[in-house]
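**Student:** Got a sequence here, can you model it:
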Amino acid sequence: SVENLPVALSSPVGRTMLRIFLLGLLVPALAFRAPVPPRAQGARKTPQMALAAAPAAVAGGAAVLAAAIALQRSLTTGSRQYKADEGGNSVANEYDAWTREKILEYYWGEHIHLGYYNAQERRRGMLSAFRKDFKGAKYDFIDEMMAWGNLPGFTGAPPKPGAAAPTTMKVLDVGCGIGGTSRYLAKKLGSNAEVTGITISPAQVQRATELATEQGVRNAKFELMDALAMTYPDNSFDVVWACESGEHMPDKEKYIQEMARVLKPGGRMIMCTWCQRDDTGKPFTKSEQKVLDFLYSEWTHPYFISINKYKDIMEETGTLDGVSTADWNDETRPSWRHSVWVGIADPWFWVLKPRLWWKCIRDAWTLERMHRAFKRQLMQYGMFRATKLYPLDETISEAKLEVVGGSA
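**Tutor:** Okay, here's the model as predicted:
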């Protein structure tokens, strides 16, 4: 409709469609001006003939414009909004579908998270970054996240300050996907570690278990569980690891509180998640909010929060100490366009699945919009680490023992 014209033409997509509309007007006109057959060479073009061609030109242009408006509206309106009701959970449903389709696994490998690109790789430009192995960048990310979280050399949380570390280090991977990171951690940390990955997608649990069996990773297991209502007892794990799962959580406070609850005193929480810019000092503009609304609702995200807000939530638990944060926007941003590039460089896997064409096009468009949002600092890549405090009475008792021992 005419009311939609200003909206449609306010974006690059809309302006492109306007050009297509004008082309639609030209095509019938050019057809009318095309050379006529020899037997009609002497015939004159009358005003009546021009008038007869005009409706076809207008109809053709209007049809193209209507299609342009519909396409523009489709590509700026999320199609997979978050829902959780008696009909199921949209996050579980979408990840079940992605797992069965195998497109995500084919292009992204075992790790459904962004990769890591160091300063030298980024300095050489986007094309240079694309030369990096896309799946290998994800392993680099895990290594960097482990180092940033001070995990190398950590053997577990002592039962009390100054005591020996446990013989087995228990690790929880919250939102494990098809288990790529869980299995990698199990291999890196060795046979003394037991890694448990949880997800709300039954298809992911099945695929993660299959891959663990195929790869002979015996110290990794996978369970179907809601991260907001875990059934584990308090103080169960030496390490709680969460990589890009907070985006899908409808209750960020409960998400942090549950991870802190199952973490042992002295244990380490290491988390990364997509965040939006802190808007307390600079509110979002209407256009920025529109972009965020699309990013929320296209990949079934309830909402995002800022790095600062996550830090506040972690500190408000009263049990997490030494909360540290970082923004790895620069280090991870090349992943978005690299994701599109691998699909262009090797298109046959998705091209041979016609029923998924439109979904793949939408996902590629969303990847590009994510890249732009991170580049403009509308989005942040939040990194978080913390240690769980020992109960106050244990800490005080230990301090008293040290004082007595020192004065004896």
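**Student:** Which stretches in the protein count as strands?
**Tutor:** Counting by DSSP state E, the chain has strands at residues 84-85, 88-89, 169-174, 193-199, 220-224, 237-243, 263-276, 320-327, 379-388.
**Student:** what does the average pLDDT come to for the first one?
**Tutor:** Across strand 84-85, pLDDT averages out at 84.
**Student:** again with stretch 332-340
**Tutor:** Stretch 332-340 shows a mean pLDDT of 95.
**Student:** Could you give me the buried positions within it?
**Tutor:** Of the residues in stretch 332-340, those with enough neighbours to count as buried (16 or more other C-beta atoms under 10 Å) are T332, R333, P334, S335, W336, R337, H338, S339, V340. Where you see a C-beta, it was placed from the backbone N, CA and C, and this is true even at glycine.
**Student:** Tell me which of those residues fall in helices.
**Tutor:** In this view, the buried residues of stretch 332-340 that belong to helices under DSSP state H are T332, P334, S335, W336, R337, H338, S339, V340.
**Student:** so who does the residue lying closest to the first one once chain neighbours are set aside touch?
**Tutor:** Leaving aside its chain neighbours, T332 sits nearest to L114 (4.2 Å; criterion: C-beta to C-beta, 6 or more residues apart in numbering). Applying C-beta atoms under 8 Å, 6 or more residues apart in numbering to L114 gives the contacts K138, F141, E244, T332, S335, W336, Y381.
**Student:** one more time with 10 Å, if that's ok
**Tutor:** The contact partners of L114, taken as C-beta atoms under 10 Å, 6 or more residues apart in numbering, are 108, 137-138, 141, 243-244, 272, 274, 328, 331-336, 338-339, 370, 374, 381.
**Student:** Where does the prediction get shaky in the stretch 301-408 of the chain?
**Tutor:** For the stretch 301-408 of the chain, the stretches flagged by pLDDT under 70 are 393-408.
**Student:** How about the stretch 1-150 of the chain?
**Tutor:** Low-confidence segments of the stretch 1-150 of the chain, defined by pLDDT under 70, span residues 1-54, 56-61, 65-74, 76, 78-79, 128.
**Student:** run the last query once more with 50
**Tutor:** 1-10, 13-14, 16-36, 39 (pLDDT under 50).
**Student:** Would you mind giving the buried residues of stretch 332-340 as JSON lines with distance to G156 added?
**Tutor:** Conversion of those to JSON lines gives the following (distance: C-beta to C-beta, whole Å):
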{"residue": "T332", "distance to G156": "29"}
{"residue": "R333", "distance to G156": "35"}
{"residue": "P334", "distance to G156": "35"}
{"residue": "S335", "distance to G156": "32"}
{"residue": "W336", "distance to G156": "36"}
{"residue": "R337", "distance to G156": "40"}
{"residue": "H338", "distance to G156": "36"}
{"residue": "S339", "distance to G156": "36"}
{"residue": "V340", "distance to G156": "41"}
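**Student:** Could you let me know which of the residues you listed ends up closest to N150?
**Tutor:** Top of the list for closeness to N150, among these and by C-beta to C-beta, is T332 at 20.0 Å.
**Student:** which residues touch F154?
**Tutor:** Counting by C-beta under 10 Å, 6+ apart, F154 makes contact with M146, A165, M169, L189, D238, V239, G266, G267, R268.
**Student:** Also E331?
**Tutor:** E331 makes contacts with 114-119, 121-122, 137, 140-141, 144, 381, 383, as judged by C-beta under 10 Å, 6+ apart.
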